[in-house]
Every structure is written in C-alpha cells, then in structure tokens.
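J.: what follows is a predicted structure for the sequence shown.
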Amino acid sequence: MGKKALEGTKVLEYASFVSGPYCSKLLADLGAEVIKIERPGVGDKARERGPFPEDLPHPEKSGLFLYLNTSKKGITLDPKSTTGKKMFLELVKWADILIEDKPPKEMEGLGFTYEELKEVNQQLIMTSITPYGETGPYRDYKAYHLNICHVGGLGYLMPPNSPSLEREPLKAGGHSVDCACGVNAALATVSALYSRGVTGEGQSIDVSKQESLMNLVRVYAVAYANDKVNPNRGPIMGTAAAMGGLKKCKDGYIIATLAERPHWARFFKLIGKPEWDEDERFKDTLAIADHYNEIDPYISEWMMSRTRYEIYHQGQELGCPIAPVRSIDEVVNDPQLKGRDFFVEVDHPEAGKTVFPRGPYVFSETPWQGNPAPLLGQHNEEIYCQKLGYTKEDMVRLRESGII
Amino acid sequence: MSEKALEGTKVLEYASFISGPYCSKLLADLGAEVIKIERTGVGDEARRRGPFLGDIPHPERSGLFLYLNTNKKGITLDPETQTGRKIFLELVRWADILIEDKPPKEMEELGFTYDKLKEINPQLIMTSITPFGQTGPYRDYKAYPLNVVHGAGSGYLAPGGSQNLEREPVKSTSFSDDAACGISAAFATICALLPRWSTGVGQYIDVSKQEALMAMDQVELCQYPNEGKVASRKVDPRMAIRVTPCKDGDMMIIAMDDRQWKGLVSMMDEPEWTKDEIFKDILSRMQHMGEMLKNVAPWAMQHTRDEMYHTGQERGAPVAPIRSIEEAANWQQFKERDFFVEIDHPKAGRISYPSAPYKLSKTPWEGGAAPLLGQHNEEVYSTLLGYSKEDIVMMREAGVI
C-alpha cells in the first residue's frame, strides 16, 4: 500500500520545546502534513539546547530539535502583530488540527481561544498542552519539565527501593516525562479526529502535563487517594527486597525479576544450586524473602565471577527473567535493534546525515516516515505564497517588519 | 452531544499485566467496547499485585488491576483448548482491533499469526506488544518492566545528574515505563483505524517496548549513533539545576539563562553576593555553580517550599517544590479540575482513580469499573456469540472458560 496512516490530515503546530512538538512529530511521522510556526529570527527553544555535534551550539544542529521536528514544514510567524494574527487565522482555517502549548492567558490575550477559533474553522480540533491544564487555580503557573516531575510527586518516589529516605529524590533520565505527555496528547488528538469522522464535529482538548504524569505514576497515586498511604522511595519489603533489584557482577550490573516461585526454581538451576528448589527454607516466595540473607553471599560471589552477558543468555535459556543494565552505546549496538532497523538515517541540509530512532511501532500497511526537521522558516514561501496566496513582495515586507 | 470519541469501535484484548491492558484501557475510557480475555480461573497477573485496598490481597481488590481495566468487559477463556480456540476466532471475527502481548512463538503455535487471523477478518487491526518486537534475534526473550528499562539503557541514565558514576543506576518509579509503552501502542492503533475508513484495509502493528522507551529518551540516545558519545547518569557540571534543601523539604531551583537568574536574584531580594563578577553571565555562572549553590543554601533554609514557589512564579524564577504523593494528590489544582474520579466496583467498593490527562470538550472521558473475573462471560458468550446456557455450563466445567 505505501500510503501513510494520517495522509491528508492537516496540522498546525504553535508550540515549542518538547511536549507539543513531540505530539505533532508523532502525527507527522505517520503522514500528517504538519506546519510548525516558529518565532521569527529565534525559532523553537529546543534549537538552543543540545546535544550539538562536537558540542558546538548551532540553531540548525540541535539534536533535540532535529529529533522532535522530523517530517514537518517550518514557517516563521509572529501572531502578536496585526498582520501576523490575520495570517495565523488563515492557517487555522486551513488546518484540521491545531496543537498549541501557550499559557492560557496568552492565548486569550491574542483572541485565540477555542470559541474564537471555531468561528474561523467550524470543524477545528484544538489540542492545548499546558503544565497544569486550562482550568484550576494554577492554570497560569509556569513550569519546566523538572518542575512537573517533582510537583507531580514522581521525583519523590525515585529512586525506588532506596536504602534510606535520606537519599535525595531524583528525576527520570532525558525528557521522557515531557515526551510521555506528548504521546498522551497525540492519542487524544487522533481519537478526536476519529470521532470527527463520525460526527463531523471538532472539539477542544485540554491536556495537563501534570495529570499526564500522574497517570503514569498511577498505582501510587491511587494508593494515597484511597488508603491515605503515602508511598515514598524507601526500601521495599519482602521478596522484592530479596531479589527485585540490581546485582553487581563482573562487568557491571544485572537485574533479575524473580516475581513468581517458578522463576526461583530456574534461578537456582542457573546458579548451580538446583537442590535449593527442594529446600524447605525456599518453599515459596515469602519463605525465600525470610531466608534470602542466608544465600545472598553465595549469589553475590557467583555473580561477581561472571559477566552480564553470560548471566543474561544463560538465564534466558532457562526461562529466567534476567537482563543486563546497559549503557547507551551497548543499547544502540544491540543486535536486536540493528536487526529491526530501529535507527534510521536522516539527511539534513545543515546538520548532515544524522541517525534517529524511528517510531516504536512497525505498521504493516502504512509505513512510518522520518524526514528531516525544517530549517528556521524553510517553508515560508511554500506556505505563504502557494497555500495562502501572498505575493513575493508581501513576503519581503513581512520579513522586514519581523512578522515572519 | 456526549457521545464518546471511540464509540462503536470493537476491541478484543488478549493481554495481561501493564502495557497491553493500559493500551486498551485508554481506548475503553474513550468509548471503545473492549472485551478482555483472562486466563480461566486465574485471571490477569495484575490481580495478584498490589497495592491492595487495606493491604489485604484479593484478586478483585488489586489497585493495579482495577485501574488498568476500567470500562472493559471481562471474560475468561483458554484458547489453548480446541473449543477455546474456536471461540477465540469467533471473537476475532467480531472485533475491529485485537490487542495482544503474548510471546511471538506462542501466538504462532496457537495459529494466531496476523496472516491467519486476517483470513477470518480481512479488516482486522492487530496490535502486538512485546518486550523486543516480533523480529530480530531477541524476539523470544522474556522481560519484565525492569528488564526492559535496563535493557533499553534508561536505567543507566538515571538518576540523571548523579554526582559520580559509582552510584548504581536506577529505574523510574512504579510501572511508568510500561504504561508509556501502552500509550504508544494505543496511539498507533488509532492511527491504523483512521485510514481503514477510506481504504477498508486493516493492518498489523508490531510494537516493541524497548523501542517505545528509547523513542522517549531521544536526546541522549541520538548522541551515540551520531558521535559515538555515550551519555550517562553522571552530572553535567554546567547544569544549573539542583535540589536544594529548604525550611520544610526540598526545592528544585533552576537558574540557567539570564532571565531565570534575574528572577532568582529578585526572589532573594538582590543580596550583595549576586553582584559579583563571577555571576555576570550564563557561562561564568556555570563555571561557578558551587559558589552559587553555597550562597543560595542558607537563604533557602529560611523559606518554605510554598513561599518560594509562589514568589518564584511572580518573579519569573522557575523553582518548584518537591512534593510527596500525599501532597500531590491533595493539590488544589487537581481538586478543581476533578482529576480524581470515584468509581463503584462490586468487590472493591467506591474508590478513587486518576482520570485521563486530557479533557475532550465534546466526547468526554468516562471511568467505569474494571470487570470481575469472568463477569461478562454470559453476556459475551450467549448474547454476542449465541452459545446456550448449557454450552456455557459445559465449557465452564471443562475449564475452557
């Protein structure tokens, strides 16, 4: 077939940094036509963030920007000027979907509320991504990724199974929390698109990053809301404490998840102590937790004399859920990911050939695509002249007055 | 209008624990009709995991299960029996979407590959969620959430900003990584549903949990294949972001660029030390992070988290309190947005759940209870598939359902 899943879907992105751009990237990579609006002269904030090749900052070479904006068209526009506002509304009229991440007050000030935009485009789907949502007392509060992470209570729970509460809380690696929020927003957006296909009606979607995170930490949040138990990052008791964690071995760490009794039988076999399977002390997982300390020295010694991959492959052969803790280089060179062509090469006019992860899903009929992120204002002419009918002279004027 | 966004969409779930069930929960909460298949007599693995209400283990009172299975219909079925297999295929014929998380080998042995199921339902969309995907040398390896986290390298990056590499890697809390895979799978599934409208063609979606995690850790990851640089959890000495103890807990203080630094200085009422040459621009501040923190610390100890949070917002300094789950759950913002919703459940009673992180203006999210084990057997087998009461008794006795 070769058609893209979202081919023909028109998306206007008025967002920057991680969540909003990631949301529309997901749509763009599946075939939607995404026009990204950036601030004239400056562009998306992600352009200022690394990692940069050779660590030399350059707005067209930010790894963060290049990854989050694949397959999009880029234009510059300042919607705060009168002409800019008019042009913004023309783009809204063109779009099926508007994805934005501006503070609610700013959108209200510009006259870009959903009610107002709906007058321009009856069927518009508008997805607003904000730190705390469009309503409630904190709607106008600002927040960065880290703020959300800690205000959402996630940081407080990390690292889980910490030996003591004195150890400071953590955040998760990378921008994963902001990305997860972008995936949520994308899911809600395509659901609304599906619904519009049936009813012909557009709608607005209010996505809160904070709530998005709470959904991921859900079990803990539910425990408090219901039982008033306040979970923390302190030690986990029981079997989990016995073997639920990391074990040091010859060349790093391995992680074993021996959740059920049969896993232990296989694990005992792995470490050359099959007789322990019959041992009364280890008759069930609770008993193992009670007696774990007695066998820990042996297990530690066994681990320390073997490498991660020896333990990993032998363990998997026996059906033991064991895995090595890997660094990024090992992961990227992983034969599994190589075998699945997970990394794709993208050719970008400024940054050159770069390698990115593709989408985590392989569609049998409507393939994923990864085209390079746009240069700042790269598609100005295409969009303004060909789509909206402005002349070349208009363009010069608009550029000189800083509107585009 | 208060139709649901995915009303009329029929989903068959043959999955357990987190990723698969979370994927179909997301669809169910938006109005899809989801039939969940559980193992006869035993049920979903999540039923055996806490947190349990009142800490009393009971398969109908697992918080994990109750949350991940809202709005679904639950049936029991053993597709490894001959009759069970036949019924499974009847359900596949009924469904628009099949969501499954079984090892590829197991599905092949059961004759449930996409190619075979497509013969029964040519328009079927099938979403398979596995630890490492359907292809490649590791396709048959087993993995729990923890294994995937560390296998994907995410653990190696955490705790982000560690003082030294000797500190052991950590995983993210709870099952958030597995849940994130579920969202990716749900997004892909709806994206396959959209073109089916115009083309009438179903398709197969192969979701790898490992890849789903890696697609979210993007930046660190891209550095390696492009430059051979291995990111780690070690702190970037230039990072101007720190956890700082204060009067009633910990505070996250960010003072990266000039605007943020000005905000912080204004918050502290412009003390003398901030006027020192070494703090004049971002590069110099990065080089002198140590001194900066030393000076900020005594000031922070005199203020509470809320004081700093509110003043910080006024003055443009991005600081945030580190909250416990208790504080987060009681937060006024959640209350006013009705983020937690109460749902009645026949065994677990009336308990509260987080709602969705999105509010759709026309087609609202809805929270309904998770099914009891086999709760909808009769409805599905008799009403939907046309089996008689006698058939159902027979199948129950034979352990098929």
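T.: Perfect, thanks for sending it. Numbering: from 1, shown residues only, chains lettered A, B, ... in the order given.
J.: got the residues of the stretch 301-404 of chain A near chain B?
T.: For the stretch 301-404 of chain A, the residues in contact with chain B (CB under 8 Å from any CB of the partner chain) are A:316, A:319, A:321-332, A:334-340, A:342-343, A:354-366. Where you see a C-beta, it was placed from the backbone N, CA and C, and this is true even at glycine.
J.: same thing but at 6 Å, please
T.: Proximity of the stretch 301-404 of chain A to chain B, by CB under 6 Å from any CB of the partner chain, involves residues A:316, A:321, A:323, A:325-329, A:331-332, A:335-336, A:339-340, A:342-343, A:354-357, A:360-366.
J.: show me these that map onto strands.
T.: Of those, the ones assigned to strands by DSSP state E are A:Ala323, A:Phe343, A:Thr354, A:Val355, A:Phe356, A:Pro357, A:Tyr361, A:Val362, A:Phe363.
J.: from the residues you listed, pick the one nearest A:Pro372.
T.: Set against A:Pro372, the nearest of these by CB to CB is A:Thr354 (8.2 Å).
J.: what's the PyMOL syntax to select whichever of the residues of the stretch 301-404 of chain A next to chain B are buried?
T.: Applying 16 or more other CB atoms under 10 Å in any protein chain shown to these, the buried members can be selected in PyMOL as follows:
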select buried, chain A and resi 316+321+323+325+326+327+328+329+331+332+336+340+342+343+354+356+357+360+361+362+363+364+365+366
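J.: once you drop chain neighbours, what's closest to A:Phe17?
T.: In space, and not counting its chain neighbours, A:Phe17 is closest to A:Lys45: 4.8 Å by CB to CB, 6 or more residues apart in numbering or on different chains.
J.: I figured that neighbour hits A:Ser19, correct?
T.: No: judged on CB atoms under 6 Å, A:Lys45 makes no contact with A:Ser19 at a distance of 11.8 Å.
J.: so the residue nearest to A:Phe17 versus chain B, what's the distance?
T.: 10 Å (CB to the nearest CB, to the nearest Å).
J.: next, give phi and psi for that residue.
T.: phi -60, psi -30 (degrees, to the nearest 10).
J.: ok, back up a step: and A:Lys45 and A:Ser19? Which one has more around it.
T.: A:Ser19 (29 against 16; other CB atoms under 10 Å in any protein chain shown).
J.: who's in contact with that one?
T.: A:Ser19 is in contact with A:Ile129, A:Asp178, A:Cys181, A:Gly182, counting by CB atoms under 6 Å, 6 or more residues apart in numbering or on different chains.
J.: mind doing that once more with 8 Å?
T.: A:Ser19 makes contact with A:Asp101, A:Ile129, A:Asp178, A:Cys179, A:Cys181, A:Gly182, A:Ala185, A:Lys209, according to CB atoms under 8 Å, 6 or more residues apart in numbering or on different chains.
J.: A:Trp264 now?
T.: Contacts of A:Trp264 by CB under 8 Å, 6+ apart are A:Leu258, A:Asp277, A:Phe282, A:Thr285, A:Ile288.
J.: export the residues you listed as a markdown table, with columns for neighbour count.
T.: Listed next are the contacts of A:Trp264 as a markdown table, based on neighbours: other CB atoms under 10 Å in any protein chain shown:
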| residue | neighbour count |
| --- | --- |
| A:Leu258 | 23 |
| A:Asp277 | 16 |
| A:Phe282 | 22 |
| A:Thr285 | 19 |
| A:Ile288 | 22 |
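J.: will you turn the residues you listed into a markdown table that also has pLDDT, distance to B:Thr244 and secondary structure?
T.: Output for the contacts of A:Trp264, formatted as a markdown table (pLDDT from 0 to 100; distance: CB to CB, whole Å; DSSP: H, G, I helix; E, B strand; the rest coil):
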| residue | pLDDT | distance to B:Thr244 | secondary structure |
| --- | --- | --- | --- |
| A:Leu258 | 79 | 39 | coil |
| A:Asp277 | 93 | 51 | helix |
| A:Phe282 | 89 | 46 | helix |
| A:Thr285 | 78 | 41 | helix |
| A:Ile288 | 85 | 41 | helix |
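J.: list just the nearest of the residues you listed to chain B.
T.: A:Leu258 (9.4 Å; CB to the nearest CB).
J.: is it true that the closest one touches A:Pro321?
T.: Yes: A:Leu258 lies in contact with A:Pro321 (CB atoms under 8 Å); the separation is 7.3 Å.
J.: what do those two both touch?
T.: Counting by CB under 8 Å, 6+ apart, nothing touches both A:Leu258 and A:Pro321.
J.: now the strands: where do they sit in the chain?
T.: With no chain named, the answer covers chain A. A:10-14, A:33-38, A:72-76, A:97-100, A:125-130, A:204-208, A:246-249, A:252-256, A:322-324, A:343-348, A:352-357, A:361-363.
J.: chain B was what I was after
T.: B:10-14, B:33-38, B:72-76, B:97-100, B:125-130, B:204-208, B:241-246, B:249-254, B:319-321, B:340-345, B:349-354, B:358-360.
J.: could the ones you listed be laid out in TSV, adding mean neighbour count and mean pLDDT?
T.: Converted to TSV, the strands of chain B look like this (neighbours: other CB atoms under 10 Å in any protein chain shown; pLDDT from 0 to 100):
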stretch	mean neighbour count	mean pLDDT
strand B:10-14	24	97
strand B:33-38	26	95
strand B:72-76	23	93
strand B:97-100	25	98
strand B:125-130	27	94
strand B:204-208	26	92
strand B:241-246	18	76
strand B:249-254	22	82
strand B:319-321	26	80
strand B:340-345	16	84
strand B:349-354	18	80
strand B:358-360	24	83
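J.: mind putting those in JSON lines, distance to B:Lys118 included?
T.: As requested, those are arranged in JSON lines below (distance: least, CB to CB, whole Å):
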{"stretch": "strand B:10-14", "distance to B:Lys118": "14"}
{"stretch": "strand B:33-38", "distance to B:Lys118": "19"}
{"stretch": "strand B:72-76", "distance to B:Lys118": "23"}
{"stretch": "strand B:97-100", "distance to B:Lys118": "11"}
{"stretch": "strand B:125-130", "distance to B:Lys118": "8"}
{"stretch": "strand B:204-208", "distance to B:Lys118": "8"}
{"stretch": "strand B:241-246", "distance to B:Lys118": "51"}
{"stretch": "strand B:249-254", "distance to B:Lys118": "51"}
{"stretch": "strand B:319-321", "distance to B:Lys118": "50"}
{"stretch": "strand B:340-345", "distance to B:Lys118": "36"}
{"stretch": "strand B:349-354", "distance to B:Lys118": "36"}
{"stretch": "strand B:358-360", "distance to B:Lys118": "32"}
